[in-house]
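In: After the sequence you'll find the predicted model.
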Amino acid sequence: MNKMMVIGSISTDFVVTTDKRPEVGETITGTGFETTFGGKGANQAVASARLGADVYMVGTVGSDIFGKELLLNLTTNKIHTDYVEPVTYEPSGSAHITIADGDNSIVYIPGANNEIDTSRIQSLKEAIQFAQMVVVQNELPQEVVDEIIELCFESNVKVIYNPAPAREVQQSILEKATYFTPNESEFHQLFPDMTISEGLAKYPNQLILTMGSKGVYYHDGESEKQIPSYKVQPVDTTGAGDTFNGAFAVAISSGMSMDESIRFGNLAASLSIQKFGAQGGMPSLAEMKESEHFEKTWNIK
Ligand SMILES: Nc1ncnc2c1ncn2[C@@H]1O[C@H](COP(=O)(O)OP(=O)(O)OP(=O)(O)O)[C@@H](O)[C@H]1O
Ligand SMILES: [K+]
């Protein structure tokens with residue numbers, strides 16, 4: 001079984017649906033309320049664990065009621081929580097999402113997620129060196145992300161860096177990631193002066209660009225390649241990118257080829273967007289195998 005370490009955010013999504021948004025000072029009656037589990041780190045951990053990886057989550061939750069639920073959700077998904085620390089001085093991370101007119105507006109409060117620091121990463125050095133794959137995203141302080149990638153690079157541990165949400169990142173850090181996986185807008189934030197083709201050619205077999213329904217692009221050292229997505233009717237695309245990253249991580253660390261691993265990621269993502277919530281539709285390996293697109297040669301270890 002693949003030992004994987006996912007270092008990142010763990011949050012609750014509070015989702016309000018309403019016919020219109022309130023004006024400043026106004027109170028209105030909405031139409032619905034739901035809480036779902038989120039945080040890019042936790043989402044990617046759940047995606048990998050459902051597909052059979054042995055996942056260790058590294059992160060921070062508040063010592064509030066939400067923190068307990070967040071931990072319980074991880075263990076329910078068979079994720080090890082030994083490296084998830086409760087903190088007392090910040091609330092658990094949360095995203096406050098209002099959906100009106102088919103569009104969402106979001107207030108994200110990192111809270112406990114910002115309390116992880118570089119000394120915590122140093123204290124986990126041995127555990128990190130023991131992982132077959134490390135996965136990290138941008139919902140942590142950038143100096144912590146930098147420290148993780150530097151440590152993996154020096155220790156020869158494979159690391160997938162999902163630079164989401166978009167922000168500036170030093171080129172020297174990107175270069176040290178085994179793979180980095182922006183979507184289209186994150187790509188343009190990382191490389192404001194480059195076309196997509198120029199970026200792909202500069203980082204062959206390393207830059208994996210997800211383009212929603214258009215599929216995934218990378219350069220194999222000889223030419224640019226496009227791996228198409230699977231045609232489905234999306235219900236809720238929240239968590240598509242997280243599912244892709246978690247599934248790609250499982251496939252590539254199982255020794256599957258780049259093309260196979262991307263197809264595996266695309267298939268998992270296409271199943272996930274047919275259900276509500278970031279984690280709600282993330283498939284198990286058994287559900288993947290039931291798909292007509294599952295390939296017999298895909299061998300998950
Ligand atoms: N409409 C769609 N139809 C089929 N597959 C899709 C669709 N949207 C997304 N996907 C799948 O999900 C993967 C990731 O999607 P995308 O590039 O939109 O990432 P993202 O912007 O990080 O997603 P999100 O922020 O919504 O989680 C794609 O590579 C593709 O496989
Ligand atoms: K979904």
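Out: Okay, I see it. Ligands and ions are numbered 1, 2, ... in the order given.
In: Spell out which residues of the chain are next to ligand 1.
Out: Residues of the chain lying near ligand 1 by CB under 6 Å from any ligand atom: 164, 183, 210-213, 215-216, 229-230, 232, 234, 237-242, 244, 266, 269-270, 273. For glycine as for every other residue, the C-beta is placed from the backbone atoms N, C-alpha and C.
In: Of those, which belong to helices?
Out: Counting by DSSP state H, the part of these found in helices is 240-242, 244, 266, 269-270.
In: out of those residues, who's nearest ligand 2?
Out: Set against ligand 2, the nearest of those by CB to the ion is Ala240 (6.9 Å).
In: State the pLDDT value of the closest one.
Out: Ala240 carries a pLDDT score of 96 in this model.
In: for the one 3 residues further on, same thing?
Out: Per-residue confidence for Thr243 comes out at a pLDDT of 98.
In: isn't it right next to Ala268, touching?
Out: Yes - using CB atoms under 8 Å as the test, Thr243 is close enough to Ala268 to be in contact (5.1 Å).
In: what is in contact with the two at once?
Out: Common contacts of Thr243 and Ala268 (CB atoms under 8 Å, 6 or more residues apart in numbering): 47, 282-283.
In: Write out the residues of this structure neighbouring ligand 2.
Out: 236, 238-239, 272, 281 (CB under 5 Å from the ion).
In: Most neighbours among those residues, which one?
Out: Highest neighbour count within the residues of the chain next to ligand 2, by other CB atoms under 10 Å: Ser272, with 32 neighbours.
In: got a list of what that one touches?
Out: Shown in contact with Ser272 (CB under 8 Å, 6+ apart): 47, 239-240, 243, 280-283.
In: ok, it to Gly67 distance?
Out: 25 Å (CB to CB, to the nearest Å).
In: Name the residue of this structure with the shortest distance to ligand 1.
Out: Residue nearest to ligand 1 within the chain: Gly241 (2.1 Å; CB to the nearest ligand atom).
In: need the shared contacts of Thr243 and Ala268 in JSON lines with pLDDT, neighbour count and distance to Gln132, can you?
Out: Output for the shared contacts of Thr243 and Ala268, formatted as JSON lines (pLDDT from 0 to 100; neighbours: other CB atoms under 10 Å; distance: CB to CB, whole Å):
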{"residue": "Ala47", "pLDDT": "98", "neighbour count": "32", "distance to Gln132": "16"}
{"residue": "Met282", "pLDDT": "98", "neighbour count": "27", "distance to Gln132": "20"}
{"residue": "Pro283", "pLDDT": "98", "neighbour count": "23", "distance to Gln132": "21"}
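In: Now the most centrally placed residue in the chain: closest residue in space that isn't a chain neighbour?
Out: For the chain, the residue nearest the mean C-alpha position is Asp242 (3.4 Å; CA atoms, centre = their mean). Ranked by CB to CB, 6 or more residues apart in numbering and with sequence neighbours excluded, the top spatial neighbour of Asp242 is Asn43, at 3.6 Å.
In: these two touch, right, the one you found and Gly280?
Out: No - using CB under 8 Å, Asn43 is not in contact with Gly280; the gap is 10.6 Å.
In: Just want to know which of these two has more residues nearby.
Out: Ranked by neighbour count (other CB under 10 Å), Asn43 and Gly280 place Asn43 first, with 29 against 15.
In: so what's the more buried one up against?
Out: 37, 239, 242-243, 246, 278-279, 282.
In: quick check, nearest of those to Ser92?
Out: Comparing the contacts of Asn43 against Ser92 with CB to CB places Phe37 closest, at 11.0 Å.
In: Mind listing the residues bridging to the closest one?
Out: Beta-bridge partners recorded for Phe37 (DSSP bridges): Thr12.
In: Same question for Val55.
Out: Met4.
In: Let me know the distance separating it from Val6.
Out: Counting by CB to CB, the gap from Val55 to Val6 is 6 Å.
In: Of these two, which one has the most company?
Out: The residue with more neighbours, out of Val55 and Val6, is Val6; 34 against 30, by other CB under 10 Å.
In: As a check, name the ranges of all helices in the stretch 151-300 of the chain.
Out: Per DSSP state H, counting those that start in this stretch, the stretch 151-300 of the chain carries helices over the ranges 171-176, 184-190, 196-202, 240-253, 258-272, 285-290.
In: Thank you kindly, that will do.
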